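Undergrad: no sequence on this one, just coordinates:
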DNA sequence: AGTACGTCCTGATCGC
DNA sequence: TGCGATCAGGACGTAC
């Protein structure tokens, strides 16, 4: 599922494929609920004629500033992925929306479970929810994390999923970071020692940068059709799997209705 | 304010 | 073999 590394991978893909400079000519929405406008028409008629300036990312949101000053916002949801392909190339399965471009290609929004969203905003301000610091570009430090966890009684796993605390973590990389940091996912946020918070901070950064490196590699190797997702984590995520450090069978619990894998030996309460 | 849970979706997988 | 049930989870609305 698209989390920070997957969305950033998509951003780099869109930049490398040369989306900036291209102009939308036609919009084909296959699932109206994905469009966050009261009137679908506002979006469908609002986009053609606009060209893409660049592709930015904020948390799990893709932000495409347009030449008019508006911004096209994309969220991949759980199963979303994007391809920019020649119109003549057969569309892959599960394409929900097609944004036709002026150079004979089209941006294809693939989204089996329809959890993705897209919309157009006049101003970037308030376009997406206020989010915590980006884990990979300054603003994120052990100290910031300590302050964010102070007084919080929710399980650390739930807090890592909270986009207002840290931008971009999802279920898989939250598990990954906790596993690498050897911290039990049900620990109360405020109960982490400063040593643990520092370790968690470092492991969040490590998990994300490791994944991004692999995505960079896979884009080079599989261009122009790189995979949307890779198994870039080290937490065994199948029942019956054993911890790669100590061999103890991994445990599966639910936190906020999310599957949470951890090693009961390495990640003690 | 902080915490927790239901809802939206459908392809894949499981169990009988 | 086939078919129904279950699972998966990001963001948001709502409740307490």
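TA: That came through fine. What you are looking at is a predicted structure, and each value in this text was computed from that prediction instead of being measured.
Undergrad: OK, contacts around the closest residue to residue A:56 other than its chain neighbours?
TA: Leaving aside its sequence neighbours, residue A:56 sits nearest to residue A:63 (CB to CB, 6 or more residues apart in numbering; 4.3 Å). All C-beta atoms are positioned from the backbone trio N, CA, C, and that covers glycine. By CB atoms under 8 Å, 6 or more residues apart in numbering, the contact set of residue A:63 is A:55, A:56, A:57, A:71, A:72, A:73, A:124, A:127, A:128.
Undergrad: tell me the bridge partners for residue A:63.
TA: Here residue A:63 shows beta-bridge partners residue A:56, residue A:73, assigned using DSSP bridges.
Undergrad: please list only the buried members of the contacts of residue A:63.
TA: Applying 16 or more other CB atoms under 10 Å to the contacts of residue A:63, the neighbour count classes A:55, A:57, A:71, A:72, A:73, A:127, A:128 as buried.
Undergrad: and those as CSV, adding distance to DNA strand B and pLDDT?
TA: Output for the buried ones among the contacts of residue A:63, formatted as CSV (distance: CB to the nearest atom of the strand, whole Å; pLDDT from 0 to 100):
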residue, distance to DNA strand B, pLDDT
A:55, 26, 97
A:57, 22, 95
A:71, 24, 95
A:72, 21, 95
A:73, 18, 96
A:127, 20, 85
A:128, 18, 90
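Undergrad: the residue lying closest to residue A:228 once chain neighbours are set aside and DNA strand C, how far apart?
TA: By the measure of CB to CB, 6+ apart, the closest residue to residue A:228 outside its immediate chain neighbours is residue A:81, 4.0 Å from it. Residue A:81 is 13 Å from DNA strand C, where distance means CB to the nearest atom of the strand, to the nearest Å.
Undergrad: same question for residue A:139.
TA: Using CB to the nearest atom of the strand, we find residue A:139 at a distance of 18 Å from DNA strand C.
Undergrad: what of residue A:244?
TA: 19 Å.
Undergrad: now that residue: which helix or strand?
TA: Using DSSP states H and E, residue A:244 sits in no helix or strand.
Undergrad: which other helices and strands does the helix of greatest length in chain A contact?
TA: What stands out as the longest helix in chain A, according to DSSP state H, is helix A:194-222. Under the contact definition 3 or more CB pairs under 8 Å, 6 or more residues apart in numbering; DSSP states H and E, helix A:194-222 sits against helix A:4-16, helix A:142-149, helix A:171-181.
Undergrad: any buried residues in the helix or strand just after it, and which?
TA: Where DSSP H and E defines the elements, the next helix or strand beyond helix A:194-222 is strand A:251-255. Neighbour-count burial for strand A:251-255 flags A:251, A:255 (criterion: 16+ other CB under 10 Å).
Undergrad: would you give the sheet partners of strand A:251-255, along with the direction of each?
TA: Counting by DSSP bridges, strand A:251-255 is paired with strand A:258-262 (antiparallel).
Undergrad: the strand it pairs with to helix A:171-181, inter-axis angle?
TA: With axes from the mean of the first three to the mean of the last three CA atoms, to 10 degrees as the basis, strand A:258-262 and helix A:171-181 are set at 20 degrees to each other.
Undergrad: for chain A, what lies in contact range of DNA strand C?
TA: Applying CB under 7 Å from any atom of the strand, we find that chain A lies next to DNA strand C at A:1-3, A:59-61, A:75, A:77-78, A:113, A:115, A:129, A:161, A:163, A:170-172, A:257-259.
Undergrad: show me the contacts for the residue nearest to residue A:228.
TA: A:2, A:10, A:110, A:111, A:228.
Undergrad: bridged to it, which residues?
TA: residue A:110.
Undergrad: the longest helix of chain A: which residues count as buried?
TA: When burial is assessed from 16+ other CB under 10 Å, helix A:194-222 yields the following buried residues: A:196-201, A:203-204, A:207-208, A:210-212, A:215, A:218-219.
Undergrad: now do stretch A:261-269
TA: Neighbour-count burial for stretch A:261-269 flags A:261, A:262, A:263, A:266, A:267 (criterion: 16+ other CB under 10 Å).
Undergrad: list the contacts of it.
TA: Looking at what lies outside stretch A:261-269 - CB under 8 Å, 6+ apart - the contacts are A:175, A:178-179, A:182-187, A:235-237, A:243, A:245-246, A:248, A:250-253.
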